[in-house]
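Enquirer: Pasted the sequence and its predicted model underneath.
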There are 4 protein chains.
Amino acid sequence: MQARSIFQNISPIDHRYSLSEKNLFDALVPWISEEAAVSSCVKAEIALVKAHLTLRGQDTQEMLTALKKAEASIDPEIVYAEEEKTRHNIRALVNVLKKAVPEAVAPLVHLGATSVDILDTALAYRMKGVTRSVVLPLLKKLELALCDLVEREAETPQVGRTHGQHAVPITVGFALSEYVSRLGKSILEIDERSKQLKGKLAGAVGAYNATSVLVKDPEALERLYLSELGLEPSEHSTQLVEPEYLLRLLLEFNVAFGIIANLADDLRNLQRTEIGELRENFGADQVGSSTMPQKRNPWNSEHVKSLWKAFSPRVMTFFMDQISEHQRDLTNSASQRFVADYVAGFCQAIERMTSVVQGLGVDRDRLMYNLRGGPGSEAGKPGQAGQAIRAGQGSGIVGGVLAEPAYILLAETGVSDAHEVIRRITLKAEQQALTFAEALEQEPEILARIGGKMAELGLVPSAADALSFFRQPERYCGLAVKKARTLAAKYRRLMSE
Amino acid sequence: MQARSIFQNISPIDHRYSLSEKNLFDALVPWISEEAAVSSCVKAEIALVKAHLTLRGQDTQEMLTALKKAEASIDPEIVYAEEEKTRHNIRALVNVLKKAVPEAVAPLVHLGATSVDILDTALAYRMKGVTRSVVLPLLKKLELALCDLVEREAETPQVGRTHGQHAVPITVGFALSEYVSRLGKSILEIDERSKQLKGKLAGAVGAYNATSVLVKDPEALERLYLSELGLEPSEHSTQLVEPEYLLRLLLEFNVAFGIIANLADDLRNLQRTEIGELRENFGADQVGSSTMPQKRNPWNSEHVKSLWKAFSPRVMTFFMDQISEHQRDLTNSASQRFVADYVAGFCQAIERMTSVVQGLGVDRDRLMYNLRGGPGSEAGKPGQAGQAIRAGQGSGIVGGVLAEPAYILLAETGVSDAHEVIRRITLKAEQQALTFAEALEQEPEILARIGGKMAELGLVPSAADALSFFRQPERYCGLAVKKARTLAAKYRRLMSE
Amino acid sequence: MQARSIFQNISPIDHRYSLSEKNLFDALVPWISEEAAVSSCVKAEIALVKAHLTLRGQDTQEMLTALKKAEASIDPEIVYAEEEKTRHNIRALVNVLKKAVPEAVAPLVHLGATSVDILDTALAYRMKGVTRSVVLPLLKKLELALCDLVEREAETPQVGRTHGQHAVPITVGFALSEYVSRLGKSILEIDERSKQLKGKLAGAVGAYNATSVLVKDPEALERLYLSELGLEPSEHSTQLVEPEYLLRLLLEFNVAFGIIANLADDLRNLQRTEIGELRENFGADQVGSSTMPQKRNPWNSEHVKSLWKAFSPRVMTFFMDQISEHQRDLTNSASQRFVADYVAGFCQAIERMTSVVQGLGVDRDRLMYNLRGGPGSEAGKPGQAGQAIRAGQGSGIVGGVLAEPAYILLAETGVSDAHEVIRRITLKAEQQALTFAEALEQEPEILARIGGKMAELGLVPSAADALSFFRQPERYCGLAVKKARTLAAKYRRLMSE
Amino acid sequence: MQARSIFQNISPIDHRYSLSEKNLFDALVPWISEEAAVSSCVKAEIALVKAHLTLRGQDTQEMLTALKKAEASIDPEIVYAEEEKTRHNIRALVNVLKKAVPEAVAPLVHLGATSVDILDTALAYRMKGVTRSVVLPLLKKLELALCDLVEREAETPQVGRTHGQHAVPITVGFALSEYVSRLGKSILEIDERSKQLKGKLAGAVGAYNATSVLVKDPEALERLYLSELGLEPSEHSTQLVEPEYLLRLLLEFNVAFGIIANLADDLRNLQRTEIGELRENFGADQVGSSTMPQKRNPWNSEHVKSLWKAFSPRVMTFFMDQISEHQRDLTNSASQRFVADYVAGFCQAIERMTSVVQGLGVDRDRLMYNLRGGPGSEAGKPGQAGQAIRAGQGSGIVGGVLAEPAYILLAETGVSDAHEVIRRITLKAEQQALTFAEALEQEPEILARIGGKMAELGLVPSAADALSFFRQPERYCGLAVKKARTLAAKYRRLMSE
């Protein structure tokens, strides 16, 4: 066996990440290593022999057993040694295989096939396999971990943010249900696309030239061959299967990757020192910085984002590989081999994100602190909000996230420039270091209109209670809780179907 | 009206290509110009007012007529002037609109909506519109032009090529049916994806905060608003509609673009001086080169490929725009505006390719000449094939495309190293400047085995007729004709559904 | 004149951004509009006539004046009309030009040139011009605005951040000097690359076939022609100038674009509600949100980042355009036209960033507040740090940014596990809601060792003063001030050279 | 040692290509494997200890020897084991190293450094090393192989092609000298950029906070540390070295990659069956197709193009890695590790292209055949050119490549519409199946004018000899031979400097 120290490998996939995510690596090897590439081609060649035998009525049990044995006996190393002579990988495999199968069927090996009938079929088999056996289970695990978190934190208040600025209240569960919804749909798409991968046995240029000489119905032979591998034929083939079946699966991988990267960015930012609403699990012995002992970095989320930067641009290669001149050129050969790297990198990101989500700490005190108004909000008395820390001015008016309902309610009372009226009140709150509720209080007429409307709409018992609402931003969170619960329940169900 | 000379525009879309493809440009303006952006936002704002009126039971005919009039009255220029003050495009539009609608409904304008409730909805409306009104009709026209050509040339023999080398025979129709099949499926995907575009009325952070204050069932209000525009709501919203609805449509555009670029490359190459099988239409007065009067260039196919190079990489922007921090940041705003450019460039490529396909000249003599063996094939006597032009050696053995059936038939007679036997015969043919048929003739035993097999399989009346087969490569074209016809018929039907 | 409403244009460059950045647009039109494309070709054709006349000794003053007049007389519209006949842009121009010049020199028009001798030369002329007349001045203005800010804020304390976590102190000027240094070097590179753009007069395939027939020294004619336009010849030409001269300039544009995007991200994040250290200028009437009156968004910085997302991936097109088959194919023709869009988008980003930097508000109180420890730092008494807001725990220990010097100083006294010792003290500070100084105070032995070392190194007068240092993080800022000043001074000087 | 079967690796770099290009892989391991990553960090840590010792005057020979021994003793596996505890790679390395060095200097290990002071410095060291020890020698070998070929084939006539159409004559050497010129300049750029890679010892946020506490002149310490590794300091650092030093090197790699990909495309196309001018070396036992025994594919050139498709888009990652928030986030960490893959893929392409160029077969007969007119040119009698194969019509007029000089010479006689006159003659030649010389012969007046001009210019002895020129296209090749020779000589010299 040609072995090599793991540390002498060049690709991080084959050294660093094969160690840090060892179980994942081991799960991928049977599908996307070189060993898997060779063995899936062996499987395809044997499937072809079987199809020929079936059509000829010679598929005896004895023969099938012998073929199974031959299939198991092929070592990639021998194939590689043969390739050094032929400099053609499939011809090498055929030579080796002819010696491994019963002599009687040796002439049937590769009969009627061109290399790509085997290679593209084997690739579809592997990609379907790795998607359904590794990628989808990983994704579903992440989705379910998100559902758990959404349900657990469905009611935990959080400030909603746009442009990095406080906007209006939501809940933690609602924020995360975004990813349940987006990732959930992507998982369903991946599931569907993986089933649509196709193989072929249409010969050198896709016109069934060779098999037309050999059999009455070449398309029946093709279906027989592919069904052995759980596949169907490409609607049209050149030497290649139509590239779009695989392309669309890979694009959807990249869609899911982008969703996960977005989640990673959200998690990274919510762990900023000044925000501190979430925290990645951190081992007791773990070191955050080699020189700053107090540091705890959101490095797993950063890692996921970094993987996205490494792999996402590779879709350009997938798109370039659509183009093959005439009935095919070979310029998609090397490039397509690196699809394996992409799959490994994508899986690495899913796995890491799942462990982040599963171990995510939620700091409810800090969430409430941020929601109620950021630096300065602790000061409670009129006229003193944030006085100690004037720095808080402008970027975080205590209770400022309730400017929106104030404007809307005021507008509903028939005030046409309600938006402008409230904007001026927020400016005043800022300049005088008031909370928004305090600033409203200083405008009794406006407050009365708003309170009246609130009472009318059943938001508060009476107009006099309006101020209590403006002191508790968490009450203004719309359908956040309901949406979070509904989405978690829906996708929890869909994932188990 | 702020007008500008077309020639002072910077983007080729707005000068050169708006002239060369004027009808296309005119068809796009109502959907993806800035005028369209503004008017679709007006349409969305009016739809929102209507939804409010409906819920309040105030949607009288008179009011609807007044709103229709208001909608038609808004000029983008006025909105832009207002934006100079507000520096916020939707607030500007709202200000203008409030003055345009009946005073009674002014407070309902934009009520409960955040800017993006309008912007993202209007974008979905425009993208759905342009796809269904412009992109899909263009694509179907191209697909039908391809179907026509496939049917016309279904039986026209052509040499199949892999690696730019002669492989085995096909037909012109078969080669083009590849694109019928690939593009056809992409059209169906685009059709489907365009129907899935979504809008929203879920407020500043997607939790229906504002509308929850205003109405009992905010999701009902959202559905009412969107139905007015033929849309449904995003399953979850932040400030934004989930980005993947649009992303998947754009990715499928790029898939179709890649297919068309592949076709362009094939057409370019088949017009090479040495190949000359196809030819783009060429006007009588047209000049191929400013300095080489004999030139006729496949410049339209080149143009299509060049557009693909310009636009295909922009998918990276589409993927980057998936990521928006928390309930949204604005970093997808400018970038998303350039989706309009992408659509224009894509349509330009479809339109140009359609005109190429419609005017494509097919040189049947040259096709047969190439199929029968390239340079040298005209010499007919034994031992003299290509003698005059020894240059032909190696790269094109006359009749060499029939090496494959010779090998297969020989293998079927039980010769295990048939591939090697035939390979040696092709080497001999090359070295001695023989046609493949001549070289076979010099190996009577092998020829007899092959001929016997052929007679047995019913490919020739008797073994003695084998050589006639090896002198007529066009007879070895498998299911090429059948596949071409089947695919053209299928997609012709699907396009008209 | 073919005029069109600006709002009917499709590309945002030609509508929205041509209005919002009108002066910039007007500065770009003479270089990268279609008008500029045509007029620069006219200029090149005239330069060629002059070169012929010079070699023939016929370049009389009268003739030169006539040519100047002819050059000025060409209207793009007429050329376009002619192109409808020839369907070849340069042949059209030549036809028009032959009628515009004195009859005697009409045969010299375009003599010996292939279209691309004109087109590629004119492109180099325009790209050099736009770079030196528009791009570089814009970039230098931004660089100088950064230098101003760096010098003004050289000493303003700020917390340094890694992974979004507080690390150790720096100054605002130091943080911004990063961009002075990076952007400064990029400007120098752009300056250099722009000078290296080349033209050509080497004919249809670069071998000077035509001009070799016409003149003794075709390379001398080429130099003469190009010198008229301030250019030198490509070292080797095919039909095209070597693509790398332009490619390297565009890549450096994208390098600078990335630097500016990084700055935009930093500015965006420092404007988060919870951070609030910086603020973009905000007009008195400006509206932050159509529905949330309190909002003030860092939308200009977001806009810059968004432009980067739109344009940065286009480098893939630039790289693809390196490849042209044989002596050229036309597949770089359309794609290269969109370089104009890229330049416009890049300039838009520079301009916008400059206005952000020039108007940037710096909140010194907030900076100090953040540096001293984030939420909770206002509490000053032992054992009560952040008690009120337990949310602050872990992500922001008051004074935690001084854990590093504590560890280093302790290590210098010979304590081998100093890092671990200090890490445990930070954990204790967190658990007991102490400031870092308080927690140190509770470890008198360690504090004594550290204080002793500090006195020894001259950092404090005596060991007893150590605690005062740990209460003032801003004192631990290394060479931040010096580096900021040095870099600003250096690049200020370089920009004016 | 953790070993793994090569065939269980996932990345093609670590299985297939590590075998097919074994020597290259072995040359890369000491620079870009994980082993190299660890050992270069050890080297950097030791360099830091040395720098400290030097400043303290304690750098005795004995100590230096001990450090050298310690450096050699570190096994990556032990570091990895330690990292499982610390989950921080550099802290793990430091722990291991402290035990390996003499106890007296253990406190100096990593003193004053942050992890990235080591990591970024070690990366610069490795990238500089691999560029100067592996990449540049490979590139120079390719460049010299090209120079050899250019000189050998400097005078070999070839038809120049634009748009895939015959244009005017050149020579094989001239065509290849394009790549000598383009690649040569790129090599010089890479050489320069590799020298500009920088390291750092500026601490956690780049402000020398820690080292300012430890030493008088922290920048002197940094220079001392880096000089040990042959590096200089980044002009400004955050936690990171400025990203552009490495970025520009990688971009220039991609520039060179594009040039090589262009060469690959040219070689692929010139090996098409119908063109056949060049041929890749082909082993005697090599199989072109598993099913078509006659096939010989340009698969090495295709392989190079395919590698370009796989790696070129990764520049997007390089550009994205420019952006790091504040004084750094970690989102460039994983992505940057894959630079190793890029370097390996790039080297693989260079190596393969070198072997193609070194073994390239040139078919001079075929070159002449193509130049003289493509299919049909063998027929020599008037009126019968290509008669046998009318297929040749239009795309290849025999001698049509001389339409250009005919037009230019005619124009020089004062015929203003010379281009149109000659274009009509080429049309006639095509319609009547004449060679261009024959068609000219039928226009005696025009021929006389042209011949007169030729005699006048010294191109032929007398006007009567004009036709002989038009029968020998190879005479019209301008400065092709001279340019080829000049460029080969120039770059041969530069490569050895």
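Expert: Ah, there it is.
Enquirer: residues making contact with the helix or strand that contains A:Leu28?
Expert: Assigned by DSSP states H and E, A:Leu28 belongs to helix A:22-32. Helix A:22-32 is contacted by residues A:17-19, A:35-36, A:126, A:129-130, A:133-134, A:138, A:340, A:343-344, A:347-348, A:351, D:8, D:10 when judged by Cβ atoms under 8 Å, 6 or more residues apart in numbering or on different chains. C-betas here are computed from N, CA, C, even on glycine.
Enquirer: could you redo the last one with a cut-off of 7 Å?
Expert: A:18, A:35-36, A:126, A:129-130, A:133-134, A:340, A:343-344, A:347-348, A:351, D:8, D:10 (Cβ atoms under 7 Å, 6 or more residues apart in numbering or on different chains).
Enquirer: Can you name the element that comes right after that helix?
Expert: Downstream of helix A:22-32 (by DSSP H and E), the next one is helix A:34-55.
Enquirer: how big is the angle separating that next one from helix A:22-32?
Expert: On the basis of axes from the mean of the first three to the mean of the last three Cα atoms, to 10 degrees, helix A:34-55 is oriented at 40 degrees to helix A:22-32.
Enquirer: related to what we said a few turns ago, can you give me the buried ones in the helix holding A:Leu28?
Expert: Neighbour-count burial for helix A:22-32 flags A:24-25, A:27-32 (criterion: 16 or more other Cβ atoms under 10 Å in any protein chain shown).
Enquirer: Now do it, average pLDDT.
Expert: Taken as a whole, helix A:22-32 carries a mean pLDDT of 97.
Enquirer: Tell me the gap between it and the middle of its chain.
Expert: 18 Å (Cα atoms, centre = their mean, to the nearest Å).
Enquirer: Kindly report the same for stretch A:452-469.
Expert: 44 Å.
Enquirer: How about the stretch 101-250 of chain A: which residue is closest to chain C?
Expert: A:His163 (3.7 Å; Cβ to the nearest Cβ).
Enquirer: tell me the secondary structure for A:Gly203?
Expert: Applying DSSP: H, G, I helix; E, B strand; the rest coil to A:Gly203 yields a three-state assignment of coil.
Enquirer: quick one: contacts for it?
Expert: A:114, A:117, A:209-211, B:478.
Enquirer: Next: A:Arg475.
Expert: A:Phe469.
Enquirer: where's it relative to B:Ala202, distance?
Expert: Per Cβ to Cβ, to the nearest Å, A:Arg475 is found 19 Å from B:Ala202.
Enquirer: wait, what's in contact with A:Gly160?
Expert: A:167-170, B:204-205, B:207, B:327.
Enquirer: Export the residues you listed as JSON lines, with columns for neighbour count, distance to chain C and secondary structure.
Expert: Conversion of these to JSON lines gives the following (neighbours: other Cβ atoms under 10 Å in any protein chain shown; distance: Cβ to the nearest Cβ, whole Å; DSSP: H, G, I helix; E, B strand; the rest coil):
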{"residue": "A:Ala167", "neighbour count": "33", "distance to chain C": "6", "secondary structure": "strand"}
{"residue": "A:Val168", "neighbour count": "30", "distance to chain C": "7", "secondary structure": "strand"}
{"residue": "A:Pro169", "neighbour count": "26", "distance to chain C": "12", "secondary structure": "strand"}
{"residue": "A:Ile170", "neighbour count": "35", "distance to chain C": "13", "secondary structure": "strand"}
{"residue": "B:Ala204", "neighbour count": "30", "distance to chain C": "6", "secondary structure": "coil"}
{"residue": "B:Val205", "neighbour count": "33", "distance to chain C": "10", "secondary structure": "coil"}
{"residue": "B:Ala207", "neighbour count": "32", "distance to chain C": "13", "secondary structure": "coil"}
{"residue": "B:Gln327", "neighbour count": "26", "distance to chain C": "11", "secondary structure": "coil"}
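Enquirer: Tell me the secondary structure at A:Tyr80.
Expert: helix.
Enquirer: how about the nearest residue to it, chain neighbours excluded?
Expert: Of all residues beyond its chain neighbours, the one nearest A:Tyr80 is D:Leu19 (6.5 Å), with distances taken as Cβ to Cβ, 6 or more residues apart in numbering or on different chains.
Enquirer: State whether the one you found is indeed within a helix.
Expert: Yes - membership of D:Leu19 in a helix is supported by three-state DSSP.
Enquirer: what pLDDT does it get?
Expert: 93.
Enquirer: what about it, neighbour count?
Expert: 16 (other Cβ atoms under 10 Å in any protein chain shown).
Enquirer: for the stretch 201-350 of chain A, what spans make up the strands?
Expert: For the stretch 201-350 of chain A, strands defined by DSSP state E, counting those that start in this stretch occupy the ranges A:232-233, A:278-279.
Enquirer: Need the max-distance pair from the contacts of helix A:22-32.
Expert: A:Glu35 and A:Glu351 (21.5 Å; Cβ to Cβ).
Enquirer: for the stretch 51-200 of chain A, what spans make up the helices?
Expert: A:61-73, A:76-86, A:89-100, A:115-130, A:136-152, A:172-195 (DSSP state H, counting those that start in this stretch).
Enquirer: worst average pLDDT in these?
Expert: Among the helices of the stretch 51-200 of chain A, helix A:76-86 scores lowest, at a mean of 87.
Enquirer: could you say what helices and strands the longest helix anywhere in chain A packs with?
Expert: Secondary structure of chain A per DSSP state H: the longest helix is helix A:244-270. Here helix A:244-270 touches helix A:172-195, helix A:299-311, helix A:315-320, helix A:339-358, helix B:172-195, helix B:244-270, going by 3 or more Cβ pairs under 7 Å, 6 or more residues apart in numbering or on different chains; DSSP states H and E.
Enquirer: contacts for the shortest one?
Expert: Residues outside helix A:315-320 that contact it (Cβ under 7 Å, 6+ apart): A:247, A:250-251, A:254, A:335, B:254, B:258, B:312-313, B:315-316, B:319, C:316, D:309-310, D:313.
Enquirer: Of those residues, which is the most crowded?
Expert: D:Ala310 (29 neighbours).
Enquirer: Can you give me every residue that contacts the residue positioned nearest the centre of chain A?
Expert: What sits nearest the mean C-alpha location of chain A, by Cα atoms, centre = their mean, is A:Ala256, with 3.2 Å. By Cβ under 7 Å, 6+ apart, A:Ala256 lies in contact with A:139, A:183, A:186, A:190.
Enquirer: again, only this time at 8 Å
Expert: A:139, A:183, A:186-187, A:190, A:346.
Enquirer: now swap in A:Pro157 and tell me
Expert: A:169-172, A:367-368, A:371, A:473-474, A:477.
Enquirer: Now for the nearest residue to it once chain neighbours are set aside, how many residues are close by?
Expert: Of all residues not flanking A:Pro157 in the chain, A:Glu474 sits nearest, at 3.7 Å (Cβ to Cβ, 6+ apart). For A:Glu474, the number of neighbouring residues by other Cβ under 10 Å comes to 19.
Enquirer: A:Glu474 contacts A:Pro169, correct?
Expert: Yes - shown here, A:Glu474 and A:Pro169 form a contact pair, counting by Cβ atoms under 8 Å, at 5.7 Å.
Enquirer: anything in contact with each of these two?
Expert: By Cβ under 8 Å, 6+ apart, the residues touching both A:Glu474 and A:Pro169 are A:157, A:371.
Enquirer: So A:Leu201 sits against A:Gly112, correct?
Expert: Yes - counting by Cβ under 8 Å, A:Leu201 touches A:Gly112, with 7.3 Å between them.
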